[in-house]
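Trainee: here's a sequence, model it:
(one chain, ligands or ions: 2)
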Amino acid sequence: MTAEIISGKEIAAKKRLELAKEVEKLKAQGITPGLAVILVGDNHASKTYVRNKQKACHELGMYSLLVELPEEVSEEELLKKIDELNNDPVIHGILVQLPLPKHIDEKKVIDTISPTKDVDGFHPVNIGKMMTGENGFLPCTPFGIIVMLEDTGISVAGKHAVVVGRSNIVGKPVGQLLLNRHATVTYCHSKTENLKHYTQTADILVVAVGIANFIKADHIKEGAVVIDVGMNRNEAGKLCGDVDFEEVSKKAGYITPVPNGVGPMTITMLMYNTVKAAAESINR
Ligand SMILES: Nc1nc(=O)c2c([nH]1)NC[C@@H]1CN(c3ccc(C(=O)N[C@@H](CCC(=O)O)C(=O)O)cc3)C=[N+]21
Ligand SMILES: [Mg+2]
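Mentor: Numbering: from 1, shown residues only. Ligands and ions are numbered 1, 2, ... in the order given. Now for the predicted structure:
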């Protein structure tokens, strides 16, 4: 079997057209959705991502504010800046680009963002709401994966979904969202014994481990849906995922590429969350 490629780029473009209309409606009501991105230090990769986020905002007619702080900024100053943005009416969403320098406590930073402006969906209040299925902000990468599956017409209910990786921002929440949609979910991670035993029974395999070409053809079942969340650079400096695309795409039923797979969906759901935050700010 040769896998059908799920183009995150194309699905993202389609979703952004819908979002642009929502932005228009809000603007007609006098509200321009605004996203503040805080970037600490000058990590090269972070700068690229942040630039992509700003570009997406502008394309949708949204307002974007970039707050650049020096590597040496104190935790206290960063928290003060977040508090300022929490109280700024033109800002509906706040994103603090991770990772942060070692001297800053990420947990404290995330806890300081108002849950109503937490468009990353990282605040404990939003994580709790996700678990119980209440209205809140869903984390962008897991949310993007669900939208990709939906858009492609892949059913989740009753399927065996295997998640490899258990980070707070991808692995854990994507498993929860799949469970919310009635999948049978198995979490695997670096301590899992006999990983293949699990991945080979996956109808839907989500991989977020951060190791280039980690998943090979013999890890998967013929016809499986393979979602690659990896963002690695290979020896040649080329962007590549956690899945060996070359061999896995010959056996899978569906596969997401890197680039142009999960990445563009992540940014699109960030825009979606910011528009949602702006719309909900009207009734407060
Ligand atoms: N608070 C916070 N929220 C985040 O959402 C967040 C973060 N911190 N820190 C870093 C990671 C990484 N991330 C990406 C988003 C889109 C692409 C993306 O669009 N990638 C393109 C390629 C980009 C390229 O060419 O380098 C693609 O896959 O096609 C990549 C990476 C969001 N992150
Ligand atoms: Mg792990």
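Trainee: please, which helix or strand holds the closest residue to K172 other than its chain neighbours?
Mentor: Of all residues not flanking K172 in the chain, R166 sits nearest, at 5.6 Å (CB to CB, 6 or more residues apart in numbering). C-beta: built from backbone N, CA, C; applies to glycine. Using DSSP states H and E, R166 is not contained in any helix or strand.
Trainee: got the confidence number for R166?
Mentor: On pLDDT, R166 comes in at 98.
Trainee: try N43
Mentor: 83.
Trainee: what about it, how many neighbours?
Mentor: The number of residues packed near N43 is 17, by other CB atoms under 10 Å.
Trainee: then E71?
Mentor: E71 has 11 neighbouring residues, counting by other CB under 10 Å.
Trainee: F214 reaches V207, doesn't it?
Mentor: Yes: the criterion here is CB atoms under 8 Å, and F214 meets it with V207 at 7.0 Å.
Trainee: list residues touching both of those two?
Mentor: Here F214 and V207 have G230, D242, V243 as joint contacts, going by CB atoms under 8 Å, 6 or more residues apart in numbering.
Trainee: can you pick the most crowded of those residues?
Mentor: Going by other CB under 10 Å, V243 tops these with 32 neighbours.
Trainee: contacting residues around that one?
Mentor: Per CB under 8 Å, 6+ apart, neighbours of V243: V207, N213, F214, I215, V226, D228, G230, I255, V258.
Trainee: the third one and ligand 1, how far apart?
Mentor: When CB to the nearest ligand atom, to the nearest Å is the yardstick, F214 and ligand 1 sit 17 Å from each other.
Trainee: what's the answer for G175, then?
Mentor: Distance of G175 to ligand 1, computed by CB to the nearest ligand atom: 18 Å.
Trainee: only whichever of the contacts of V243 are buried, select them in ChimeraX.
Mentor: Listed next is the ChimeraX selection for buried residues among these, using 16 or more other CB atoms under 10 Å:
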select :207,213,214,215,226,228,230,255,258
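Trainee: narrow the contacts of V243 to those in helices?
Mentor: Among the contacts of V243, no member is found in helices (DSSP state H).
Trainee: burial check on the residue nearest to K172, number of neighbours?
Mentor: For R166, the number of neighbouring residues by other CB under 10 Å comes to 17.
Trainee: from the contacts of V243, which land in strands?
Mentor: Filtering the contacts of V243 for membership in strands, criterion DSSP state E, returns V207, V226, D228, I255.
Trainee: and the last one, what are its bridge partners?
Mentor: With DSSP bridges as the criterion, I255 is bridged to I5, V226.
Trainee: start and end of stretch 25-35, how far apart?
Mentor: Using CA to CA, to the nearest Å, the span of stretch 25-35 from its first residue to its last is 17 Å.
Trainee: is ligand 1 within reach of it?
Mentor: No: judged by CB under 6 Å from any ligand atom, stretch 25-35 and ligand 1 are separated, with a smallest distance of 11.4 Å.
Trainee: kindly report the residues of the stretch 151-284 of the chain close to ligand 2.
Mentor: G165, H189, S190 (CB under 5 Å from the ion).
Trainee: would you write a ChimeraX line that selects the buried entries of those?
Mentor: Applying 16+ other CB under 10 Å to these, the buried members can be selected in ChimeraX as follows:
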select :165
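Trainee: what is the nearest of the residues of the stretch 151-284 of the chain next to ligand 2 to K25?
Mentor: For these, the residue nearest K25 by CB to CB is G165; the value is 37.5 Å.
Trainee: my guess is that closest one meets V207, correct?
Mentor: Yes: between G165 and V207 a contact is recorded at 6.7 Å, counting by CB under 8 Å.
Trainee: spit out the residues that contact those two alike.
Mentor: V229.
Trainee: how about residues contacting the host helix or strand of E18?
Mentor: With secondary structure defined by DSSP H and E, E18 is part of helix 8-28. Residues outside helix 8-28 that contact it (CB under 8 Å, 6+ apart): 32-33, 56, 59-62, 144, 147-148, 151-152, 256-257, 260-265, 267-268, 271-272, 275, 278-279.
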